[in-house]
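Student: Attaching a predicted model along with its sequence, questions to come.
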Amino acid sequence: MTSNEPVELEADELDYFDSLDIDSAPVDPYKHALGTFEFELTEVELARGKEKPDGTRPLGAVWHWNSDEGEVTKWLNFPSPNGKNPQKQLSFTRAYLSSIGIPDEDHSKVLKQIFKFQDDSDVRGLKITATVVNDGDFQKLEKIQPNVSGVRGEATASVGSKGASDDMFD
């Protein structure tokens, strides 16, 4: 310590310090706690992925899911004009939209609003229950189920998702 004078601590400060448990704090303050939590969709934003060897940057959407413990994001690729298998990519997208409670008949409308108009108002506020797991340097949501009581609109679909990766389409 660099100060020449000792710092006087109040009794309530000492009591508070004694109540803190540093061992229970996450090692990485930027990671969400692991386990099952309720999440709310706070934003969907268009973004470009990392540059590929051919100089292209894939278009996708970042889905921001927040809980009382923090945020977990999901990157969802959008099929590119030069992509290998756009139908398979769209299948991953359909599975994801269904898993978060968007009815099949609304999938096209929701995607069009997000990708063409950058408008997430129809999905912002969706609520799900999901399990946070580590996936290498990242975290992902698994066992996603819509919170039927908290889902906006008439969304009641409940197709499970195991966090299917669409990295193969990068």
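Tutor: Arrived safely, thanks for sending. Residues are numbered from 1 along each chain as shown.
Student: For stretch 135-150, give the mean pLDDT please.
Tutor: Per-residue pLDDT values over stretch 135-150 give a mean of 83.
Student: Buried by neighbour count: which residues of the lengthiest helix in the chain qualify?
Tutor: Longest among the helix segments of the chain by residue count, using DSSP state H, is helix 86-99. Across helix 86-99, burial judged by 16 or more other CB atoms under 10 Å covers Gln89, Phe92, Thr93, Arg94, Ala95, Tyr96, Leu97, Ser98, Ser99. Backbone N, C-alpha and C define where each C-beta goes, glycine included.
Student: again with stretch 47-61
Tutor: Residues of stretch 47-61 classed as buried under the neighbour-count rule (16+ other CB under 10 Å) are Gly49, Pro58, Gly60, Ala61.
Student: from the residues you listed, which is closest to Asn77?
Tutor: Using CB to CB, Gly60 is the member of the buried residues of stretch 47-61 that lies nearest Asn77, at 4.7 Å.
Student: can you give me the strands in this structure?
Tutor: Along the chain, the stretches classed as strands by DSSP state E are 35-48, 59-67, 70-77, 127-135, 138-146.
Student: Can you give me the neighbour number for Phe17?
Tutor: Around Phe17 sit 9 other residues, with neighbours defined as other CB atoms under 10 Å.
Student: any idea how far it lies from Leu9?
Tutor: Between Phe17 and Leu9 the computed distance is 8 Å (CB to CB, to the nearest Å).
Student: Can you pull up the most central residue in the chain?
Tutor: Note on the chain: the residue nearest the mean C-alpha position is Thr73, at 2.6 Å, using CA atoms, centre = their mean.
Student: Which strand residues bridge it?
Tutor: In this structure, Thr73 has beta-bridge partners His64, where bridges are defined by DSSP bridges.
Student: tell me the contacts of it?
Tutor: Counting by CB atoms under 8 Å, 6 or more residues apart in numbering, Thr73 makes contact with Val62, Trp63, His64, Trp65.
Student: Same list (those residues) but as TSV, adding distance to Lys112, neighbour count and pLDDT.
Tutor: Below are the contacts of Thr73 laid out as TSV (distance: CB to CB, whole Å; neighbours: other CB atoms under 10 Å; pLDDT from 0 to 100):
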residue	distance to Lys112	neighbour count	pLDDT
Val62	18	13	95
Trp63	16	23	95
His64	20	17	96
Trp65	22	25	96
